[in-house]
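Enquirer: What follows is a protein structure lacking sequence information:
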């Protein structure tokens with residue numbers, strides 16, 4: 001899932017990419033910030049202030065009901081490309 005977050009905060013992500021397990025919880029996440037910085041988290045590591053949610057992410061419709069969020073279902077390939085970019089950006 002990709003969620004665009006429409007806001008004007010410099011220190012909050014503008015896009016959040018989440019890999020979600022069958023149980024509704026995030027297994028990996030990438031956050032894109034206004035300055036182009038990428039942060040990420042999985043079950044073993046976190047960068048910056050990015051961490052996995054402690055509650056299920058909810059449905060696309062539920063997220064879309066909040067006007068500041070624009071969720072999109074994305075392909076595994078699109079998520080994997082963002083994950084690879086985030087990891088490479090941190091030199092890992």
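Expert: Great, that's in hand. Source: prediction; values computed, not measured.
Enquirer: now for the top helix by length along the chain, which elements pack on it?
Expert: When the chain is parsed with DSSP state H, its longest helix is helix 76-89. Judged by 3 or more Cβ pairs under 8 Å, 6 or more residues apart in numbering; DSSP states H and E, helix 76-89 is in contact with strand 15-20, strand 26-32, strand 38-42. The way it works is simple: take the backbone N, C-alpha and C, and place the C-beta from them, glycine included.
Enquirer: as a whole number, average confidence for whatever helix or strand comes next after the last one?
Expert: Scanning forward in sequence from strand 38-42 by DSSP states H and E, the next helix or strand is helix 60-64. Within the predicted structure, the mean pLDDT of helix 60-64 is 95.
Enquirer: Note down every partner strand of the very next helix or strand once past helix 60-64 and its orientation.
Expert: With elements assigned by DSSP H and E, the helix or strand that comes after helix 60-64 is strand 69-72. The strands beside strand 69-72 in its sheet (DSSP bridges) come out as strand 2-5 (antiparallel).
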